[in-house]
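Visitor: Coordinates only, no sequence provided:
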């Protein structure tokens, strides 16, 4: 990864050094310092706002679902009952050799203390339910009267701290239930933010040092990325406050990675062009103006493509998926603005010395790309274009077959890399109480039909017990316990049967919710989102490519290529997630999220390649020569950018959530496939074979200034175009 360069302007070779512009030095200094002052002022505002974004996170599953879902309606109706929304806990006391009388007395005292401290649903103090083998006793505790979600989380944390004290030696206690799971989710996401930022920054710093081989240059892009992160977090906070956008820890983590990856890519492309212009212009200011004008359109097209893909997520019914759209766009916009304003300013103020020890000298020639790696790749394509195209497509197709091995949906129990307390409690309950689930299915029905609903629920296959809970405002709450473990296929089948049976009770308007019901609603909503969002993304990206390239054939090739990259990456995930990573399932929103990032980010590199190819074509090169010239001149910097982007998304694989690892893996592999296989070989080979037809039906496809050269002629072309 050397200091690769890319030219996005029309010239194919470095022209003679030009005279610098005569713009007044004082005016240039005023512009530079004005930009710095503007960003300092913006940061003074953004820093405190960005620090508040964690306060508006929504990490509970129910916050992700649309209002039409049964699970959402259950929660809304629970808020209308006495005590409002509940926090369901299950205290699990366990001793390997069997509980003693002292153990039960200590457990009883702790539960009485909780009941005295908090408002408990129901008239009686929670009672213990011993297991058949005598090793375990569980206390279902439902806390009410706490409206604020953060206060509910704190209440669960306090309960955990309280029950850990004063127990007899050998007696263990775990706090599970939906409240315990919510606390574990909150703690995991709270630990992610700082770790993710530091890890990503370290990786980007190392890659920039290797790319630039300069002790100073890498600092400026990294500093600007940090500014973009702070600005984007402040913008996200504003979106939540003004438009009630749903933001969770995963969205913020992905946004941070996106800002680091996309921002660094923009910086690499800008610095590479700036380095070239410094050889043509004596003054850094003039060189930067030319660099921004040269690569600015490609960067704008890239940002527009990613933003369009992300905005398509807003059509999703799942709130967390829809919220990722504006959150991601905020990151892209801030990255682009910083890299087109602040980074150029800092580079100009530092002068040529920032490139030390490889300082570009005014009037010198750059490195000859005609003898580089991508020139040799181009030469191989001219000799065997059909074989390379067919081989590349066959490899992508073979990898895509791994999709048939993709594991099933990811359950809450398998969502964490390390087992948190709530999941350990669930596993212990499954072993100690095999006859019924310890996690209730919540049913809400009109009070005047509550008895009928109770009878139907008890008669439903798969139901072990039904208990009437609270009533108020014309509604009654019932707790239904299935015979199968929580989130098992058996319990899901029971919920589906229960929903169908209760729908037949006239006037009850019964809705079924609870943790497992939420997972069912998530699966249904995600399936609907896939059928809606994926075509929207394809359509939006295709329209942008058509507008940019003035063609239909070239955009279709690029879009098909990045979809193939995504499919191959998903297939590789299907082969490895279970057998190597040991994951029991995949997150149900992963397909949509990885598709958007895989297509929108992957097509970026195709844009840089095809846009340069079109520029070369417009300036006199035949299409096949233009394809090879574009490959060799953009290859180095795009390879560096692809490695940086893949590495930043791979940072997600260090996180403690299976969902993040899966997303990071798929996007990183997809970017690498697109960078080194699809863009380099498949797209270039297809362009070579199609010739002018790649621009069909645009005007370039009809340009006939000279005959399209054949392969033998181009290979023997003395100018070296065929080889590089």
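Guide: Everything's here; your move. Everything numeric in this text was worked out from a predicted model, so none of it was measured.
Visitor: What values do phi and psi take at the spatially most central residue of the chain?
Guide: A centroid search over the chain (Cα atoms, centre = their mean) returns residue 254, at 4.2 Å, as the residue closest to the centre. Main-chain torsions, residue 254, degrees, to the nearest 10: phi -60, psi -40.
Visitor: Go ahead and confirm it touches residue 652.
Guide: Yes - judged on Cβ atoms under 8 Å, residue 254 makes contact with residue 652 at a distance of 7.5 Å. Glycine gets a C-beta too; all of them are placed from N, C-alpha and C.
Visitor: Spell out the residue ranges of the helices in the stretch 301-450 of the chain.
Guide: 319-350, 373-383, 385-400, 421-432, 450-459 (DSSP state H, counting those that start in this stretch).
Visitor: which of these sits most buried?
Guide: Comparing the helices of the stretch 301-450 of the chain by mean neighbour count (mean count of other Cβ atoms under 10 Å), helix 319-350 ranks first with a mean of 23.
Visitor: Quick one: mean pLDDT for that one?
Guide: Over the span of helix 319-350, the pLDDT mean works out to 94.
Visitor: So which other helices or strands are in contact with that helix?
Guide: For helix 319-350, the packing partners by 3 or more Cβ pairs under 8 Å, 6 or more residues apart in numbering; DSSP states H and E come out as helix 25-51, helix 61-64, helix 219-243, helix 249-278, helix 284-311, helix 515-549, helix 590-618.
Visitor: That one versus helix 590-618: what angle between them?
Guide: For helix 319-350 against helix 590-618, the angle by axes from the mean of the first three to the mean of the last three Cα atoms, to 10 degrees is 40 degrees.
Visitor: what do residue 254 and residue 652 both touch?
Guide: Taking Cβ atoms under 8 Å, 6 or more residues apart in numbering as the contact definition, residue 254 and residue 652 share the neighbouring residues residue 663.
Visitor: re the thing from before, JSON lines please, covering the helices of the stretch 301-450 of the chain and showing distance to residue 509.
Guide: Below are the helices of the stretch 301-450 of the chain laid out as JSON lines (distance: least, Cβ to Cβ, whole Å):
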{"stretch": "helix 319-350", "distance to residue 509": "24"}
{"stretch": "helix 373-383", "distance to residue 509": "65"}
{"stretch": "helix 385-400", "distance to residue 509": "45"}
{"stretch": "helix 421-432", "distance to residue 509": "31"}
{"stretch": "helix 450-459", "distance to residue 509": "10"}
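Visitor: closest to residue 291 out of those helices?
Guide: For these, the distance to residue 291 is smallest for helix 319-350, at 7.4 Å, taking Cβ to Cβ.
Visitor: where in the stretch 151-300 of the chain is pLDDT low?
Guide: For the stretch 151-300 of the chain, the stretches with pLDDT under 70 are 193.
Visitor: my bad, should have said the chain
Guide: Low-confidence segments of the chain, defined by pLDDT under 70, are located at 1-24, 122-124, 193, 365-371, 703-724.
Visitor: For the stretch 51-200 of the chain, which segments count as strands?
Guide: With DSSP state E, counting those that start in this stretch applied, the stretch 51-200 of the chain shows strands at 87-94, 119-120, 129-130, 136-144, 172-176, listed in chain order.
Visitor: Parallel or antiparallel, which strands does the second one pair with?
Guide: Strand pairing for strand 119-120, using DSSP bridges, gives strand 136-144 (antiparallel).
Visitor: Report how many residues lie close to the closest residue to residue 641 other than its chain neighbours.
Guide: For residue 641, ignoring the flanking residues on the chain, the nearest one in space by Cβ to Cβ, 6 or more residues apart in numbering is residue 265 at 4.1 Å. Using other Cβ atoms under 10 Å, the number of residues around residue 265 comes to 27.
Visitor: do the same with residue 581
Guide: Should you count by other Cβ under 10 Å, residue 581 turns out to have 16 residues around it.
Visitor: which SSE is residue 579 in?
Guide: Assessed by DSSP states H and E, residue 579 sits outside every helix and strand.
Visitor: Number of residues surrounding it?
Guide: The number of residues packed around residue 579, counting by other Cβ under 10 Å, is 11.
Visitor: Now do the contacts for residue 342.
Guide: Applying Cβ under 8 Å, 6+ apart, we find residue 342 in contact with 35, 36, 39, 224, 227.
Visitor: One more: residue 522?
Guide: Counting by Cβ under 8 Å, 6+ apart, residue 522 touches 61, 64, 65, 318, 588, 589.
Visitor: Hmm, residue 682 and residue 393 touching each other?
Guide: Yes - counting by Cβ under 8 Å, residue 393 does reach residue 682; the two are 6.7 Å apart.
Visitor: Can you check which residues contact both of these two?
Guide: Shared contacts of residue 393 and residue 682, counting by Cβ under 8 Å, 6+ apart, come down to residue 564.
Visitor: any idea how far the residue lying closest to residue 168 once chain neighbours are set aside lies from residue 112?
Guide: Closest residue to residue 168 apart from its sequence neighbours, by Cβ to Cβ, 6+ apart: residue 102 at 5.3 Å. Distance from residue 102 to residue 112, counting by Cβ to Cβ, to the nearest Å: 16 Å.
Visitor: Please apply the same query to residue 311.
Guide: Between residue 311 and residue 112 the computed distance is 54 Å (Cβ to Cβ).
Visitor: who has more neighbours, those two?
Guide: Remark: of residue 311 and residue 112, residue 311 carries more neighbours, 17 against 12, as counted by other Cβ under 10 Å.
Visitor: could you list every residue that touches the more buried one?
Guide: Applying Cβ under 8 Å, 6+ apart, the residues contacting residue 311 are 325, 326, 329, 540.
Visitor: Next up, the contacts around the third one.
Guide: What that stands for is residue 329. For residue 329, the set of contacting residues under the criterion of Cβ under 8 Å, 6+ apart consists of 307, 310, 311.
Visitor: Over to residue 258?
Guide: Residue 258 makes contact with 328, 331, 332, 335, 597, according to Cβ under 8 Å, 6+ apart.
Visitor: Farthest-apart pair in these, please.
Guide: Longest distance between any two of those is 14.4 Å, between 335 and 597; criterion Cβ to Cβ.
Visitor: Just give me the closest of the contacts of residue 329 to residue 493.
Guide: Ranked by distance to residue 493 (Cβ to Cβ), the contacts of residue 329 are led by residue 310 at 36.4 Å.
Visitor: I'd like the distance between that closest one and residue 526.
Guide: Summarising the geometry, the distance separating residue 310 from residue 526, computed by Cβ to Cβ, is 17 Å.
Visitor: So these two - more neighbours on which side?
Guide: When neighbours are counted by other Cβ under 10 Å, residue 310 and residue 526 differ, and residue 310 comes out ahead with 25 against 22.
Visitor: can I assume the more buried one is in contact with residue 330?
Guide: No - counting by Cβ under 8 Å, residue 310 does not reach residue 330; the two are 9.4 Å apart.
Visitor: neighbours around residue 303, how many?
Guide: Residue 303: 21 surrounding residues under other Cβ under 10 Å.
Visitor: pretty sure it contacts residue 333?
Guide: Yes - the pair residue 303 and residue 333 passes the contact test of Cβ under 8 Å, sitting 7.3 Å apart.
Visitor: Just give me the neighbour total for residue 76.
Guide: When neighbours are defined as other Cβ under 10 Å, residue 76 has 15 of them.
Visitor: Excluding sequence neighbours, find me the nearest residue to it.
Guide: In this structure, residue 76 finds its nearest non-sequential neighbour in residue 67, 7.9 Å apart by Cβ to Cβ, 6+ apart.
Visitor: ditto for residue 325
Guide: The spatially closest residue to residue 325, leaving aside those adjacent along the chain, is residue 313, at 3.5 Å (Cβ to Cβ, 6+ apart).
Visitor: which element is the closest residue in space to residue 593 that isn't next to it in sequence on?
Guide: For residue 593, ignoring the flanking residues on the chain, the nearest one in space by Cβ to Cβ, 6+ apart is residue 663 at 5.9 Å. In this structure, residue 663 is located in helix 658-673 according to DSSP H and E.
Visitor: Report the inter-axis angle for that helix versus helix 249-278.
Guide: Going by the same axes, to 10 degrees, helix 658-673 is angled at 20 degrees with respect to helix 249-278.
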